[in-house]
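Trainee: no sequence for this one, just the structure:
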């Protein structure tokens, strides 16, 4: 295992879901431990979290500004910062840590504008720092295997993609309350986009990561359906890729009966691949002759590059924490390699700021399409 | 049971799949028997079929023209004609039988143009004749139950529909041969449309039948993907209904791994309904509180109006023949009522020429949208 | 197609489920038509049925005795008799038709004792008549394919079988009423056995037909669980086959949530095969290396001997009527071959009286085991 | 969260699967950290593990004897010991820690004889120490919910249980090699039992935990099937519970296609409950009227006592580590309560040594039954 890295977190206070989830995912492998944080804008809450995590009170900061500055100067400063605040604040926070010379892992969407994301990409490059965007689901072993199946040519050239990410938790008119629902329904915190930013970027990234296809243009219709909503809660997108293939993406937050149903179906000239997040322990591959094969994480068929991320034998379910943990596993390996001087770009097996930029380019093109009567818009 | 009706068939020669399928479906209930036919344009083949079916040779006709004329004049002439020829010939054939005063059941799409379909609708009305368009799948007990669930308000107001009908049987470049593949890939026989006419009309009809929603406008992209194809084999359609709800429809003929995957998912303000043709013995209904219920044909929960079409207890699978047979069951009941003078319009529980017209209106709007750069086009 | 056979039915009156189901199944192919019957012990009901079926009133008989005698003497007498009365009456009825020189198709269990079944087997042999026992489920295309997979050696030598047939329709204390429930719960009509006779014989036959294994001995526990029941409604059986492999069979009538769940799982040294009646359009085959393959009726992988029974392409669901119809298809082919003098024993592809005898041997061994404290009992 | 406990591990060296899995599960919540260990009988390997885990070398012991003695005496000694060695060594190791006054968590089966287990139970009682047996699967939220559904009376009185735990990983004649396979096939390390000890005890415990039913007697057939095996690899057990209900349990290690298929189906007078480990994020509950409901972890329907163990919203898969982590969560809560003087027995929500004893009683009764010709044997 070698060195245990140290990290700090911005956001992730006592009531926050996603910060807690990141911490548990990192803990799974024991390769990094939390030693600093600015968990909440309320000092009391931040201190409460620090205590729960056995963090030295002097490394519990009042703001990310202080934290970036102080940790950047410490000899034993954090190896990386984890940013899990609402979307609109990502940009400034990430910038602060990059400027302090600290690697960054940031929740998606990485910013609320393409311009911001490009700046962060440029800054990270200048500083020679690693920047991970935590598109959780690409950490799944079977998602990585999907990528390898496509790359191997087993399903031939891709002809069409059907991808969707419906959820049902905001179906009721009363659902905009609560810490979770609130900022997602508030334009000022989310860059003018809700469902497409939250779910659509996952769809875009999953398809891009699995297929390697670049989107040429999109035609989007973003609707605000549930009474009382201000932002989009149902989005339909037609996609044309650079190779001429097409896709349809759907995201929704009022689709009752769907918990977290990111689903990708890839249709090639020689076969089909189906990957569903909620049953991500398996993947379905169908050959030209109609043979439907179900392959489980842990099976010999799984590519070595994907299989190495498994922690348990097949039939012993892994899940969300493991997927997120796998992102951090590669991120930690790369940081250590950076520190050892052995890093090369092909070691990266996590979503980078480049993918974060692509996400924002997708979102902005969809917004433009939707605002202009659902016309085709080129993606930057 | 009462009277056994007699019918004749145009098309459905020795090698034809769909004619055979109609005959078996009708036989299931024994309410009508075949006594006449013009099964093929080749006399020899037609006679061969007549012999196989124990039909009086003098009622085996050389053409539908002769058949319509002769049967229209016989005292014991057929009660209805079944038209199962390629799409482009439906119009003339149906017209001939209507003009001869004979009820008609015709395969879908009912014609290859909206104009033709409207004419048939008008002619049937003038003549006071029944006209069924055999959208098979709406014959399924669970499809009828879906309609009743929506009508009951159980899932609230409909907000979004996701429907698709992918098949994989024409995925290979070599698949345009064969009696089945040939005419579907030939513009002259299919009205300039292939996949959307064959599969898209089923999607359109299924959604309309289940939801009762009228389509206001469509935005379609119809692609010709497999090398060598002349007509569309992959179609993406955005739909806006008159109530403001939206839908996405997808049809494909190269989606390897899909046999015959008509799937309708209806998202309402109070619940969700999922109906998949390939597993049509059950239907999934999800309530606002997340409860996922699976209801099987034959269960007490199924509405009486739908349940009455079941022939077997739950767990004893019914399928395609039963669905088609159910259309003919209602059609036969209506014909007998017509003959008895007891017919009223609310007895009709099969897809009519009006639904055939709607199918063509949908197809033509999609063609117009697709040819004009995927713009919104109002549906007639 | 050639000659259309004629048949008569004993049982299957206006309210009877199984007689109606046999008639529809036969109608599906049009190879035989019903021309005679003794549908009910009540003349009025029998005549009502005859009228519904357009049967010549003189061929509607007051008793099977009259019917066998009269039809046996007619020049245009029935080619075969279908016996669908309660189990306890099968023996006398079948005997009467065999003695009249008429082929017989009888519902299962074929009799209520091994001795009776052996007598019928012997009588059929002496008379040179065909005798089908309608174990419906072995008519399924995928069930026939399962048999061919095992025979091909693809899953190696069989090591274990897990088979079950739970139903839930008699779970309530009040369920013994109704025409269906009544005789199943009445010892005098069922040979002292209920659930094991009704469901267990299907399990025994399905496993025997698919695997070709002969049962050496059984250890059974037959319980009467629901208050008010007189006969067994839950049966657990351990089985040892002649090759040394073992099996477990379970049948139940109070297993709420199961409609008609005949399920067979066969574990071999080189692979596994899973066949479930309720989803019989597909079969699952798993190879030694863990590859799980789902094969649908209609796929190229299906053996020719099984595939020839399909009537529709994959994805167009076939079901119970088709399975039953397939039994009658082979039965009719064999009868015609008998009449043509071209019959050979290897043409038989339906369950015979020999399999009926095996069913009774299984039941009687289980009864003996259960009555003697659940000891191992050799099967005759 | 309060105090972070410290623990030590016996077994769990560099190549060991289960020790690693326990450590990750414990890490998930951060309530206990590993500070001591005797990871391997080979000093070098043990030190290697200690280094990987950042453990003080002086707390890396050469044997469990030393470890128990030293840790028992330290002021900052471990709060509990985790025993993850092969089955035959559990007894002596657990005894040593109990005698040193240290709480114990031991893998299942807790010992290789009933007598040993009873001694440990007695010793723990005398010492006033907590003893957890890590039947992993009862840590699943849905398994706990299953227990609460049965207890609530929702499915009525239990009439039958069907439970199984097939695996396929030892299907080949060559599979006894490898660190995992080896000791499971070696009588001297496993108490004369293999498959039934490894898998059957999980089945026994799962059914007991969910239903609360006590087994009165068993009738078992334990077979050694794969050539080269010395111990049982396929076991069939009939069970009679004290309330008169019956059950069938099946375990196998050569069932190709099964990864880790612990499945429990509970049939009551008013409903049915199905819980499958491999899809443990949901549970299926069927009511008397046939309504099939699928309930997901995270849904409002889940009982509070079970729901509190969830860490993620529904649709974000939890799995094996979370289940095991939940056992340790309750264990840690109880230890802290013990230390605070606030412990009461009803706080225990993990499997105890009492359940370990029941597991051995079950195994020994099965062995006796199997060795004596598959007769009924009372369970102690």
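Mentor: Okay, I see it. What you are looking at is a predicted structure, and each value in this text was computed from that prediction instead of being measured.
Trainee: Next secondary structure after the worst-scoring helix or strand of chain A on mean pLDDT?
Mentor: In chain A, no helix or strand scores lower on mean pLDDT, DSSP states H and E than helix A:178-184, which sits at a mean of 59. Heading C-terminal from helix A:178-184, the first helix or strand you meet, by DSSP states H and E, is helix A:187-190.
Trainee: Tell me, how many residues neighbour residue A:121?
Mentor: The tally of other residues near residue A:121 (other C-beta atoms under 10 Å in any protein chain shown) stands at 18. (C-beta placed from N, C-alpha, C; glycine too.)
Trainee: Any idea how many residues pack against the residue nearest to it when sequence neighbours are not counted?
Mentor: Residue nearest to residue A:121 in three dimensions, not counting chain neighbours: residue A:353, with 4.6 Å by C-beta to C-beta, 6 or more residues apart in numbering or on different chains. Residue A:353 has 26 neighbours, counted by other C-beta under 10 Å.
Trainee: Equivalent analysis for residue A:324, please.
Mentor: For residue A:324, using other C-beta under 10 Å, the count is 24.
Trainee: what about the helix or strand it falls within, average pLDDT?
Mentor: Using DSSP H and E, residue A:324 sits within helix A:320-340. Per-residue pLDDT over helix A:320-340 has a mean of 97.
Trainee: Which residue ranges of chain A form strands?
Mentor: Secondary structure of chain A, counting by DSSP state E: strands at A:5-11, A:32-38, A:80-84, A:103-106, A:131-133, A:158-166, A:215-223, A:234-241, A:246-252, A:263-268, A:271-276, A:282-287, A:292-296, A:377-378.
Trainee: Mind listing residues that contact the fifth one?
Mentor: What it means is strand A:131-133. A:94, A:98, A:103-108, A:110, A:120-121, A:124, A:327-328, A:331, A:350-353, A:355-356, A:359 (C-beta atoms under 8 Å, 6 or more residues apart in numbering or on different chains).
Trainee: Apply 7 Å and report the result again.
Mentor: A:104-106, A:108, A:110, A:120, A:124, A:327, A:331, A:350-353, A:355-356 (C-beta atoms under 7 Å, 6 or more residues apart in numbering or on different chains).
Trainee: Taking the residues you listed, tell me the two that lie furthest apart.
Mentor: A:120 and A:327 (17.6 Å; C-beta to C-beta).
Trainee: And these two? Which one has more around it.
Mentor: With other C-beta under 10 Å as the criterion, residue A:120 and residue A:327 differ in neighbour count, and residue A:327 comes out ahead with 26 against 23.
Trainee: Is it correct that the more buried one is in contact with residue A:139?
Mentor: Yes: counting by C-beta atoms under 7 Å, residue A:327 does reach residue A:139; the two are 4.4 Å apart.
Trainee: Contact partners for the residue of chain A most remote from its centre?
Mentor: Here chain A reaches farthest from its C-alpha mean at residue A:289, the gap being 35.2 Å by C-alpha atoms, centre = their mean. Contact analysis of residue A:289 by C-beta under 7 Å, 6+ apart lists residue C:300.
Trainee: Counting neighbours, what do you get for residue A:12?
Mentor: So residue A:12, with other C-beta under 10 Å, has 27 neighbours.
Trainee: Enumerate the residues of the stretch 151-300 of chain A near chain D.
Mentor: A:259, A:260, A:261, A:278, A:280, A:296 (C-beta under 7 Å from any C-beta of the partner chain).
Trainee: On the pLDDT front, check residue A:190 for me.
Mentor: pLDDT, residue A:190: 72.
Trainee: Quick one: neighbours of it, just the number.
Mentor: 21.
Trainee: okay, now the closest residue to it other than its chain neighbours: neighbour count?
Mentor: Take residue A:190 and drop its neighbours on the chain: the residue closest to it by C-beta to C-beta, 6+ apart is residue A:87, 5.5 Å away. Neighbour count for residue A:87, taken as other C-beta under 10 Å: 22.
Trainee: Residue A:87 contacts residue A:188, doesn't it?
Mentor: No: using C-beta under 7 Å, residue A:87 makes no contact with residue A:188, being 10.8 Å away.
Trainee: Tell me where the stretch 151-300 of chain A is predicted with low confidence.
Mentor: A:175-185 (pLDDT under 70).
Trainee: What residues does it have near chain B?
Mentor: A:159-160, A:162, A:171, A:219, A:221, A:223, A:225, A:234, A:236, A:238, A:246, A:248, A:250, A:252, A:254-257, A:267, A:271-272, A:286, A:288, A:292.
Trainee: If you go by neighbour count, which of these are buried?
Mentor: When these are checked for burial by 16 or more other C-beta atoms under 10 Å in any protein chain shown, the buried set is A:159-160, A:162, A:171, A:219, A:221, A:223, A:225, A:234, A:236, A:238, A:246, A:248, A:250, A:252, A:254-257, A:267, A:271-272, A:286, A:288, A:292.
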